[in-house]
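> can't give you the sequence, but here's the structure:
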């Protein structure tokens, strides 16, 4: 009897272990998604935001160019619908007033309109250009438009130190079409659940760019925002910094501020 | 520099900017018509000031944009204009705008059939994209189901044409001092327009109605036969513009029906633009663009060159820091073999300078054709713009 019990316990253990091994991948996926979702949900309820920022571009020869822009965002609380955003350029002077309106979708292509002030013309543009450079910067369109939780599939990789924090490391795979990336690796801290670093791998699977998110500040509404985003292209040695002013929340922006008919009336 | 100082949010904001354009046209052949400047070069300088105001509550704004141009060879190309001079008030998704403004309607690239609010500054450029400010009272209503705009246009702006010294003109000079109006109210005829625009999924649509003085004049010889007089008729025009955006395709259509001077006619332009993003693994985009132009008007109506033409173009955007872009195109008239070559290239230099190059070649016209008058006006244009 005893022997039998021991044998069956052992068998049960072996069975349990193999079950666990098989469940491992799924558990890690779930854990990955949960970490990403927890990070994403620290942002829930910000409502609408406005921020002025500088985009500083450096090429490999060290030449520098600066653009100043304003980004307005309207939160869509439903995770199955994307946020709406408006990017408005103050400089360079010759494109002052140029604006890009995006209605983000989760898996379908975003709706995007571009306003060209010289002709006062509103143009619907193709949003399949996900991987193209955004205004000559190292940020692609897909890096720049709203990042939505469900645009990616996540896998938990492990835990690493990141500066003075402990970070969960996630692999995320774009689920939408036309991405320029085969995968991204994201570092999310375990204290405030904010993304600290992202690595982007190109279509050949090689490391293309590294994004560092710094100068996180907590706002009164409980929302964190990074105020320095540095994107370095490791293949071309070009980099782009986004330097944010203070974010303004609750400024009363509504759906009407994110319609194409608005674009010619922004200034 | 000044616009960097603009202030936002809790107080009224002001924004000042300006630009100066120095332009040189070089004509490669001798002039065809008597009176035209014999030198190959034509210099002009233009300046635009841009002053904008918005109140603290951000429901009122005003804009004042004077424009000035001086041409050393052709005095008819010199101009003072108010591109914008308006005040606007917003309330409950309505906007009321009073004053001069510039408005663009449409989707296509090679001809702008639907765009009718503003008069064309024809002396400035032959592409029809330079416009004069239009005095208006404009009421816009934004609804879930689209944007509706009503325009009341109390004053008519005459089209500008090259003068006797200028190139790019007909053998006879257009006498802009003696326009002929069908309406007894002449420039004071009140024109009205209505516009609806919206989008449904991948389709953007615009519908428009216009009733008033045609922006396009018929050009008829004067009694003494020494000049052409612009005749501005009363017209009614319905316009439709459609764009279907899918993947890297943009499918475009503009169509009008005009009850004009002699009879009702239709015109349309349609085609596509397809972009190869990051062509050949570079950061550049290459776009291919084809548009077909049709116009059913008879010979009594204002002359158009876009009557039965095919336009093929390619657009290159380097996506670099300097926003370098090149557009190369060929327009071909299927009936007459008239061919038009066009190259446009732009590049920013430093932070505040932009260099533009244009090259235009007119070919294949016989003396019976509309563009024969321009057949020796092939030119290269260099423009350097400084932004402040």
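Received it, and whenever you're ready, just let me know what you need. Here the structure is a predicted model, which is why all the values come from computation and not from measurement.

> C-alpha only now, for contacts and for neighbours.
Will do.

> residues touching residue A:50, list them.
A:70-73, A:247-249, A:251 (CA atoms under 8 Å, 6 or more residues apart in numbering or on different chains).

> from residue A:104, how far off is the residue nearest to it when sequence neighbours are not counted?
Closest residue in space to residue A:50, ignoring its immediate chain neighbours: residue A:72 at 4.4 Å, by CA to CA, 6 or more residues apart in numbering or on different chains. The gap separating residue A:72 from residue A:104 is 13 Å, by CA to CA, to the nearest Å.

> please enumerate the shared neighbours of these two.
residue A:85.

> re earlier: how close does the residue nearest to residue A:50 sit to chain B?
Distance, residue A:72 to chain B, by CA to the nearest CA, to the nearest Å: 13 Å.

> wait, a strand at that residue?
Yes - membership of residue A:72 in a strand is supported by DSSP: H, G, I helix; E, B strand; the rest coil.

> from what I see, it and residue A:53 are in contact.
No - using CA atoms under 8 Å, residue A:72 makes no contact with residue A:53, being 11.1 Å away.

> coming back round to it: most neighbours among the contacts of residue A:50, which one?
Using other CA atoms under 10 Å in any protein chain shown as the neighbour criterion, residue A:73 leads the contacts of residue A:50 with 25 neighbours.

> not counting sequence-adjacent ones, nearest residue to that residue?
Nearest non-adjacent residue to residue A:73 (CA to CA, 6+ apart): residue A:85, at 4.4 Å.

> how near is that neighbour to chain B?
Counting by CA to the nearest CA, the separation of residue A:85 from chain B is 17 Å.

> what count of nearby residues applies to that residue?
Neighbourhood size, residue A:85 [other CA under 10 Å]: 24.

> repeat for residue B:107
29.

> equivalent analysis for the one 10 residues further on, please.
For residue B:117, the neighbour count with other CA under 10 Å is 26.

> got a list of what the closest residue to it other than its chain neighbours touches?
Distance criterion CA to CA, 6+ apart; nearest residue to residue B:117, sequence neighbours excluded, is residue B:103 at 6.5 Å. With contact taken as CA under 8 Å, 6+ apart, residue B:103 is in contact with A:120-121, B:117-118.

> up against chain A, what does the stretch 201-350 of chain B have?
Within the stretch 201-350 of chain B, the residues that sit near chain A (CA under 8 Å from any CA of the partner chain) are B:202, B:204, B:243, B:245-250, B:277-278, B:283, B:319-323, B:350.

> strand partners of the strand or helix carrying residue B:345, parallel vs antiparallel please.
When elements are assigned from DSSP states H and E, residue B:345 belongs to strand B:339-349. Strand B:339-349 pairs in its sheet with strand B:325-333 (antiparallel), strand B:353-363 (antiparallel), by DSSP bridges.

> what distance do you get for the residue in the stretch 1-150 of chain A that chain B sits nearest to to residue A:143?
Using CA to the nearest CA, the closest approach of the stretch 1-150 of chain A to chain B is made by residue A:136 at 4.5 Å. Using CA to CA, residue A:136 is found at 13 Å from residue A:143.

> who are the contact partners of the residue lying closest to residue A:140 once chain neighbours are set aside?
Leaving aside its sequence neighbours, residue A:140 sits nearest to residue A:133 (CA to CA, 6+ apart; 4.4 Å). Residues near residue A:133 by CA under 8 Å, 6+ apart: A:139-141, B:283, B:319.
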